[in-house]
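J.: Sequence below, structure please.
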Amino acid sequence: MILRLGAAQMFIADSMAVNEATILRLAGEAAGRGVELLVFPEMGLTGYNPAALGRPGFKEELEGALARIARRAVDLGVGLIVGRAEFAGERLFNAASVFLPDGSVHTYRKIYLTDAEARYFTPGTGHLVFNYKGSKFGVIICRDQNYPELARQIAAEGARALFILSAHYYQPGEARWKLPKNRALPIARAVENHCYVLLANAVGSHIGMVSLGNSLIADPEGSLVVMADEASETLLTCDLPGDNIHQAR
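T.: Now for the predicted structure:
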């Protein structure tokens with residue numbers, strides 16, 4: 001069975017309400033293009049602003065937004081992988097929640113935090129592989145892709161595609177010179193594990209820095225199926241074929 005997958009490159013705002021509206025809109029556009037499983041950027045719902053994450057009422061607003069996104073997944077019949085902050089008691093995680101059309105939800109917590117993130121977030125401790133429409137898929141977040149063993153473990157459990165949520169925010173000069181590395185890593189993970197890799201990156205300015213997009217989809221041979229530009233909101237798609245990936249691995 002052919003399954004259409006998608007990666008959304010989006011602008012992340014300081015306002016969670018704005019981000020939610022963008023996610024819901026792009027989910028609708030993806031459904032109209034036949035996408036059945038769609039990934040958004042890292043922290044795409046909540047944004048990265050520590051002051052916003054800690055303000056009164058934020059947790060309650062987040063719960064409401066997550067409930068509406070979950071309903072959207074059910075109504076559209078599209079799986080949505082959304083980056084967001086997750087509160088667990090006194091701990092805060094950089095997380096990705098997978099909302100499936102049957103109403104089930106899976107959540108992955110980023111394991112390999114940057115030094116700046118470690119000031120606010122607790123690292124996750126386990127990987128995620130989930131089943132959807134007869135296939136298995138894995139989810140990792142940004143810097144996790146620097147560590148090949150994590151993707152290898154996910155592929156060993158039968159994942160046919162790996163979704164990477166990213167938010168490559170840097171100062172402008174650093175954003176430019178890191179572009180080749182940030183393109184190469186997802187392609188390397190695709191080749192090593194002979195699976196599709198879909199990278200959804202943020203684009204534009206946020207928290208005083210810039211992300212140059214370049215979201216991409218790589219096939220199991222490491223070829224670029226499609227790549228976004230440096231400045232635009234973009235919806236990338238690819239068709240995941242039958243079981244030949246398992247046979248070739």
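
J.: going forward, measure contacts between C-alpha atoms and count neighbours the same way
T.: Noted.

J.: in the chain, which spans are helices?
T.: Per DSSP state H, the chain carries helices over the ranges 16-32, 50-53, 58-76, 148-156, 172-177, 179-193, 244-248.

J.: now those helices as JSON lines including mean pLDDT?
T.: Compiled in JSON lines, the helices of the chain are given as follows (pLDDT from 0 to 100):
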{"stretch": "helix 16-32", "mean pLDDT": "99"}
{"stretch": "helix 50-53", "mean pLDDT": "85"}
{"stretch": "helix 58-76", "mean pLDDT": "98"}
{"stretch": "helix 148-156", "mean pLDDT": "98"}
{"stretch": "helix 172-177", "mean pLDDT": "96"}
{"stretch": "helix 179-193", "mean pLDDT": "98"}
{"stretch": "helix 244-248", "mean pLDDT": "41"}
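
J.: count of residues packed around the closest residue in space to residue 120 that isn't next to it in sequence?
T.: Computed as Cα to Cα, 6 or more residues apart in numbering, the closest residue to residue 120 that is not its neighbour in sequence is residue 92, at 6.9 Å. Neighbourhood size, residue 92 [other Cα atoms under 10 Å]: 16.

J.: now do the one 10 residues further on
T.: When neighbours are counted by other Cα under 10 Å, residue 102 registers 14.

J.: ok so, going back, export the helices of the chain to TSV and tack on mean neighbour count?
T.: Shown next, in TSV, are these (neighbours: other Cα atoms under 10 Å):
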stretch	mean neighbour count
helix 16-32	18
helix 50-53	14
helix 58-76	16
helix 148-156	17
helix 172-177	12
helix 179-193	19
helix 244-248	10
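
J.: Those: which one's closest to residue 209?
T.: The closest of the helices of the chain to residue 209 is helix 172-177. By Cα to Cα, the value is 7.1 Å.

J.: For that closest one, list the C-alpha coordinates in PDB.
T.: What follows is helix 172-177, C-alpha atoms only, in PDB (Å, rounded to 0.1, in the frame of the first residue of the first chain):
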ATOM      1  CA  PRO A 172      22.800  34.700  10.700                       C
ATOM      2  CA  GLY A 173      26.400  33.900   9.900                       C
ATOM      3  CA  GLU A 174      26.300  30.600  11.800                       C
ATOM      4  CA  ALA A 175      23.000  29.700  10.200                       C
ATOM      5  CA  ARG A 176      24.700  30.100   6.800                       C
ATOM      6  CA  TRP A 177      27.800  28.000   7.400                       C
END
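
J.: which strands and helices sit next to it?
T.: For helix 172-177, the contact count by 3 or more Cα pairs under 8 Å, 6 or more residues apart in numbering; DSSP states H and E identifies strand 209-212 as packing neighbours.

J.: Show me what the strand it packs on is in contact with.
T.: For strand 209-212, contacts defined as Cα atoms under 8 Å, 6 or more residues apart in numbering pick out 167-172, 175-176, 179, 201-205, 229-231.

J.: In contact with the one residue sitting closest to the centre of the chain, which residues?
T.: The centroid of the chain falls nearest to residue 165 when counting by Cα atoms, centre = their mean (2.6 Å). Applying Cα under 8 Å, 6+ apart to residue 165 gives the contacts 39-42, 83, 96, 139-142, 199-201.

J.: With residue 229 instead?
T.: 212, 213, 214, 215.

J.: just to revisit the earlier point, by neighbour count, sort out the buried ones in the contacts of strand 209-212.
T.: Neighbour counting over the contacts of strand 209-212 (16 or more other Cα atoms under 10 Å) leaves 167-170, 175, 179, 201-205, 230-231 as the buried ones.

J.: Out of the contacts of residue 229, the closest to residue 34 would be?
T.: Among the contacts of residue 229, and counting by Cα to Cα, the member closest to residue 34 is residue 215, at 19.4 Å.

J.: Tally up the residues packed near the closest one, please.
T.: 31.

J.: Make sure it is actually in contact with residue 197.
T.: No. Taking contacts as Cα atoms under 8 Å, residue 215 lies outside contact range of residue 197: 10.7 Å.
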